[in-house]
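>>> Kindly generate the corresponding structure for this input.
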Amino acid sequence: MIRVCTFTLGMLLAASIAGADRPNVLFIAVDDLRPELACYGRHQMHSPNIDRLARGGVLFERAYCMVPTCGASRASLMTGIRPTRRRFVNYLTWAEKDAPNVPTMNMHFKDHGYTTRSLGKVFHHPADRAEGWSEPAWRPQRIPWYQRPENAALHKRRQKEGQRKRGPAWESADVPDNAYADGVLAEHAVDVLGELKRQGEPFFLAVGFFKPHLPFIAPQAYWDLYDPAEIHLPDNYHVPKDAPPASIHSSGELRAYAGIPAKGPVSEQTARQLIHGYYACVSYTDAQIGKLLEALDRLELAQNTVVVLWGDHGWNLGEHTLWCKHSCYETSMQIPLIVRAPGIAGGQSRSGLVESIDLYPSLCELTGLPLPGHLAGRSFARLLSDPRAEWKTAAVGRYRNGDTIRTDGHRFTQYASGSGRPAARMLYDHRLDPAENVNVVDDPMRAEVVKRVAAELRETLEAIKP
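Numbering: from 1, shown residues only. Predicted coordinates for the structure are as follows:
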């Protein structure tokens with residue numbers, strides 16, 4: 001089982017907060033965001049606002065989702081419990097159906113006096129755990145996917161052919177930010193912040209941005225931030241050596257879009273255009289996040305607001321021939337996570353292994369709320385203030401028939417057959433092979449490592465409550 005430290009910081013925080021105004025929470029979710037940002041030491045993408053948040057907060061270098069698909073990942077994060085083969089399985093997951101008796105994070109904050117609001121994509125389904133929001137969950141309405149007439153017409157025509165058929169995989173149009181949904185969302189979120197300021201009650205405001213999710217559509221200005229000649233395919237645009245077939249998928253999510261072949265690799269030109277589109281969408285969403293941070297400052301809310309930015313899962317940009325998420329590789333499992341909290345020095349990073357189910361207890365501790373007994377994650381509040389604090393030895397997640405564990409130096413994945421019996425395995429040594437290009441699970445020199453990490457994975461899985 002994953003080992004964690006024990007501490008009483010939560011009781012200390014609760015005592016200190018009891019006599020003062022409880023902190024607000026701005027809970028920013030970004031769909032399909034991989035930690036390929038300047039604040040993570042990667043300089044391909046232009047993300048000045050997220051980078052600014054990192055300079056004022058604590059950045060988690062190794063944070064991981066529980067399931068690399070949106071509905072399941074969000075349900076697990078919002079309930080604070082682990083997925084299983086039958087719980088939190090795919091993108092259509094409902095938290096209230098898979099965990100009907102579990103109070104979700106928004107419910108817990110509302111039950112303890114917070115005004116809770118949901119804007120954009122927080123749960124996959126807006127109606128999921130609706131009783132946990134002070135007002136009905138809000139999303140931009142009647143905002144067209146495409147602004148170019150020819151793309152809109154193509155999308156409409158393909159939709160008539162089938163629900164899984166869509167328009168182009170990308171679009172750049174000379175339009176303002178609010179021509180697309182995330183721009184409208186940011187404007188509304190700024191207005192809601194003003195409302196919450198006037199109400200004067202502690203709030204939990206969740207704002208979920210849709211981009212950089214496919215299709216990669218963003219105003220032309222964000223495409224222009226990148227020189228197409230400087231966009232390249234990943235070095236490992238190939239299947240890892242000795243990787244089990246179960247670890248590689250056909251990138252089915254991408255195949256729905258016009259111009260993408262039904263099977264087989266995309267052309268190099270298409271691949272580079274997809275990467276360019278992803279970068280543009282990240283920069284577009286980054287600009288919208290900047291509007292929220294500026295509003296916090298302008299409304300004088302920043303000093304008493306915990307700001308959390310998280311991604312629901314990673315995203316593949318051709319690594320191992322994969323596009324989208326839906327794998328047990330690091331590129332699908334790793335997420336960005338940045339926390340800015342009152343009283344915590346900014347501009348720091350933490351290398352401790354963190355799981356997305358740790359967010360629920362962490363926010364409870366940071367705001368002085370009691371921790372519900374059902375939580376499977378552990379609060380990282382102590383880790384925020386003390387970089388030397390002992391922490392988890394592993395992060396465990398899963399996708400479909402694969403259970404995966406990330407330790408300090410390795411990623412091990414065990415695939416099962418339909419009957420649940422072990423079927424295939426893979427081990428990647430991150431000290432020597434951080435890009436996961438060679439499966440070394442059968443290397444005799446690593447037999448003890450395999451035995452150790454497999455046992456830790458098994459112990460964690462056996463401890464999961466139904």
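>>> Would you map the helices across the protein?
9-18, 48-56, 70-79, 95-98, 105-111, 149-161, 181-199, 220-223, 268-298, 330-333, 359-367, 381-385, 447-462 (DSSP state H).
>>> how far away is the closest residue to residue 117 other than its chain neighbours from residue 193?
Nearest non-adjacent residue to residue 117, counting by C-beta to C-beta, 6 or more residues apart in numbering: residue 205, 5.1 Å away. Glycine gets a C-beta too; all of them are placed from N, C-alpha and C. Computed with C-beta to C-beta, to the nearest Å, the distance linking residue 205 and residue 193 is 7 Å.
>>> Please apply the same query to residue 218.
Applying C-beta to C-beta to residue 218 and residue 193 gives a distance of 24 Å.
>>> cool, residue 93 as well?
Distance of residue 93 to residue 193, computed by C-beta to C-beta: 29 Å.
>>> Equivalent analysis for residue 331, please.
Taken as C-beta to C-beta, the span from residue 331 to residue 193 is 34 Å.
>>> same thing with residue 293?
10 Å.
>>> So the two - more neighbours on which side?
Between residue 293 and residue 193, residue 193 has the larger neighbour count (other C-beta atoms under 10 Å), namely 24 against 20.
>>> if I read this right, the more buried one contacts residue 298, doesn't it?
No: with the criterion set as C-beta atoms under 8 Å, residue 193 and residue 298 do not qualify as a contacting pair; they are 9.1 Å apart.
>>> and residue 301, what is it in contact with?
24, 193, 197, 295 (C-beta atoms under 8 Å, 6 or more residues apart in numbering).
>>> Greatest separation within the residues you listed: which pair is it?
24 and 295 (12.4 Å; C-beta to C-beta).
>>> picking that back up, burial count for the residue nearest to residue 117?
Residue 205: 23 neighbours (other C-beta under 10 Å).
>>> What's opposite it in the beta bridge?
Note on residue 205: beta-bridge partners residue 26, residue 117, judged by DSSP bridges.
>>> ok, it to residue 307 distance?
Separation of residue 205 from residue 307 (C-beta to C-beta): 10 Å.
>>> any common contacting residues for these two?
Common neighbours of residue 205 and residue 307 (C-beta under 8 Å, 6+ apart) are 25-26.
>>> does the closest residue to residue 28 other than its chain neighbours have beta-bridge partners, and which?
Excluding the flanking residues, the one nearest residue 28 by C-beta to C-beta, 6+ apart is residue 309, at 4.6 Å. Residues in a beta bridge with residue 309, per DSSP bridges, are residue 28, residue 338.
>>> got the buried residues for stretch 49-65?
For stretch 49-65, a neighbour-count test (16 or more other C-beta atoms under 10 Å) marks 49-54, 56-65 as buried.
>>> swap that for stretch 449-466, sorry
Buried, per 16+ other C-beta under 10 Å, within stretch 449-466: 449-450, 453-454, 456-457, 460-461.
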